[in-house]
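> got a sequence here, can you model it:
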Amino acid sequence: MPDYGREVRFGYFLVPDADDPLVATAQRVEQLGFDYVAVQDHPYQRRYVDTWTLLSVVAGATSRIGLFPDVANLPLRPPAMLAKAAASLDRLSGGRVELGLGAGAFWDAIEAFDGERRSPGESLAALAEAIEVIRKVWSGERNLRYDGRYHRLAGAQSGPTPAHEIGIWLGAYGPRALRLTARVADGWVPSLRGELQPVVDMVHRLDDAAGEAGRDPGEIRRILNVNGTITDGPTAAYLKGPADHWVGELTGLVVEHGFDTFVLWAEGDDQVARFAEEVAPTVREQVASRRR
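Below you'll find the model as predicted:
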């Protein structure tokens, strides 16, 4: 697989547990040089604060770091209002927002929280419609109209426009979702769940689908949520081992499989600091060396 030549970036996956020092953690992550703070969106979790509220507070407490929901729970967030919220926060933060979107999961919990239960096909169709609605709301145009099965606009007025061109990044896994990503998304944001091969297989499907849709696969950003442990002992498993093991694996994901951003999900300040100091800068050096 090709290396698409993008700048390598790093983010931190901030779990929105109300009992944790969330804002201080985000500030610490910014100080360590991370490029993004990413927040999962499960409003039905009683321990979690609201994702969009947290992103807004973090935006006010930081000055440089990018922000995005990883990924926004579309069945509980009407797309026109989600677009308005993203554009507003992008303006207020100086252009630091991207928009991760998900079709939905945990349908019992969504339904319990006044969301509509949908089949996989319905949720994917609703996601496709939502992307169209969101881009219309960002357009700055007047008298917006959209008549979909799941979403509609009836003479809506858009604005304010975002401070920069916000990327729509889809959390997609299945063949149909990957085809949708290939057709209409600016980025793809899966999670690495143990074995690497399923992610590599999805990369192939995404690139093939992009070609079938007449798009250059390099137009689609590749953001990967990664979880593991940096240790001082021998390598025990994928992303469970010393820093040089992490460096080699992440470098390979860039130059062999086209990923450009890694979002770390790890517990403990020591892991965050080690990743920022021992892994991230060396990955950038190794990627630059391989590209030369």
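> what does the closest residue to Glu129 other than its chain neighbours show for phi and psi?
The spatial neighbour of Glu129 that comes closest, neighbours along the chain excluded (C-beta to C-beta, 6 or more residues apart in numbering), is Gly148 at 4.0 Å. (C-beta placed from N, C-alpha, C; glycine too.) Phi and psi for Gly148, reported as degrees, to the nearest 10, are phi -100, psi 180.
> how near is the residue nearest to Arg176 when sequence neighbours are not counted to Pro175?
Distances taken as C-beta to C-beta, 6+ apart put Leu124 closest to Arg176, at 5.7 Å, once the chain neighbours are dropped. Separation of Leu124 from Pro175 (C-beta to C-beta, to the nearest Å): 11 Å.
> between the two ends of stretch 90-107, how far is it?
30 Å (C-alpha to C-alpha, to the nearest Å).
> burial measure for Glu195, as a count.
Glu195 has 10 neighbouring residues, counting by other C-beta atoms under 10 Å.
> that one: what's it in contact with?
Tyr238 (C-beta atoms under 8 Å, 6 or more residues apart in numbering).
> which SS class is it?
coil (DSSP: H, G, I helix; E, B strand; the rest coil).
> quick one, phi psi at it?
Torsion angles, degrees, to the nearest 10, at Glu195: phi -80, psi 140.
> again, but for Ile223
Per degrees, to the nearest 10, the backbone of Ile223 is at phi -110, psi 120.
> show me the longest helix that occurs in the protein.
In the chain, with assignment by DSSP state H, the single longest helix is helix 120-137.
> name every strand pairing with the helix or strand following that one and say which way it goes.
Using DSSP states H and E, the helix or strand that directly follows helix 120-137 along the chain is strand 144-147. Using DSSP bridges, the strands paired with strand 144-147 are strand 152-156 (antiparallel).
> after the partner strand, next one along is what?
strand 168-170.
> what's in contact with that next one?
Counting by C-beta under 8 Å, 6+ apart, 68, 71, 98-102, 127, 131, 134-135, 177, 180-181, 184-189, 221, 223 sit against strand 168-170.
> out of these, which are buried?
For the contacts of strand 168-170, a burial check counting by 16 or more other C-beta atoms under 10 Å picks out 68, 71, 98-102, 127, 131, 134, 177, 180-181, 184-189, 221, 223.
> tell me which of these fall in strands.
When DSSP state E defines the strands, the subset of the buried ones among the contacts of strand 168-170 inside them is Phe68, Leu99, Gly100, Leu101, Gly102, Gly187, Trp188, Arg221, Ile223.
> ok, those residues vs Gly5, which is closest?
Gly5 lies nearest to Arg221 out of these, by C-beta to C-beta, at 11.9 Å.
> how close does that closest one get to Asp186?
Distance from Arg221 to Asp186, by C-beta to C-beta: 6 Å.
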